[in-house]
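> how would this look folded up:
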Amino acid sequence: MSETLHIMTLLATAHILTVMSPGPNQALVLATAARSRSEGLIVSAGFWPAGCLWAAMGLMGMGEVMRAAPMIELALRLACGVYLTYLGLRMLRASFRGRGGESRAAPEQSRARLFLMGFLTNLGNAKAIAYFASVFAATGAYALPLEWQIVAIFLMPGIGFSWNAALVLFVSTKPVRRAYERASHWIDRISGSVLMIFGLKLLVSR
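Residues are numbered from 1 along each chain as shown. Sure thing, here's the model as predicted:
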């Protein structure tokens, strides 16, 4: 049991450091949460099932399968790259709309659409399988009992959701939201640019 807890602690620590690094998930969360706390939380919740999918595939050795069938990896990477680029371009276009240089308020979106947006954005990290496979190998997680492997599959994306939810709660506070309202068009442009950069990177990487 002590060895199991040691491995789980290593997994949690490694993933905490990973989810804290900037990326497309954080860009989307910050832009959404500054407008609406509930929408930010829904987007963050959408990250979780995609993370569980990548973790499960990494633990099952799907990274080796994708390396053996590069066309699958290529198709997935291109699809994810196109989606992130589209999402970033859409955010950029919205930031330039409005009168007198002020950006127009973003229209409300359905919960299902927000959840799907979070899911597809996290799914856009086509290299996640390699990450999970590497961290599982480095920590010895492949030797965990089956029930603890299942816990790891749900725990690691849960850590990501907790971090993003904390960002949402911070960004949606009144002082931060007031600051956002004064510079909303610039924040949306930066967030949109980040999403486009990650999308284009997926499209041109090999």
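> low pLDDT regions in this protein?
Scanning the chain for pLDDT under 70 picks out 1, 62-69, 72-73, 97-108, 126-127, 180-181, 183-184, 206.
> Please enumerate the helices of it.
For the chain, the helices defined by DSSP state H occupy 2-19, 24-33, 37-59, 62-68, 70-95, 111-123, 128-139, 146-171, 174-182, 184-204.
> want to try TSV for those helices, with mean neighbour count as columns?
In this view, the C-beta of every residue, glycine as well, is placed from N, C-alpha and C. TSV is the format used below for the helices of the chain (neighbours: other C-beta atoms under 10 Å):
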stretch	mean neighbour count
helix 2-19	15
helix 24-33	25
helix 37-59	22
helix 62-68	15
helix 70-95	17
helix 111-123	19
helix 128-139	19
helix 146-171	18
helix 174-182	12
helix 184-204	19
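> Report the contact partners of Arg90.
Applying C-beta atoms under 8 Å, 6 or more residues apart in numbering, one finds that Arg90 lies in contact with Gly192.
> go with 10 Å
Counting by C-beta atoms under 10 Å, 6 or more residues apart in numbering, Arg90 touches 192, 195-196.
> same question, Ala79
Residues in contact with Ala79 (C-beta under 10 Å, 6+ apart) are 120, 123-124, 126, 202.
> Pro49 and Ala56, how far apart?
From Pro49 across to Ala56, the span is 10 Å (C-beta to C-beta, to the nearest Å).
> which neighbours do these two share?
Shared contacts of Pro49 and Ala56, counting by C-beta under 10 Å, 6+ apart, come down to Pro157.
> Not counting sequence-adjacent ones, nearest residue to Leu123?
Spatial nearest neighbour of Leu123, chain neighbours left out: Ala50 (4.3 Å); criterion: C-beta to C-beta, 6 or more residues apart in numbering.
> Please tell me I have it right and the one you found contacts Ile129.
No - in this structure, Ala50 is not within contact of Ile129 by C-beta atoms under 10 Å, at 11.8 Å.
> separation between the residue nearest to Leu123 and Trp148?
As judged by C-beta to C-beta, Ala50 and Trp148 stand 22 Å apart.
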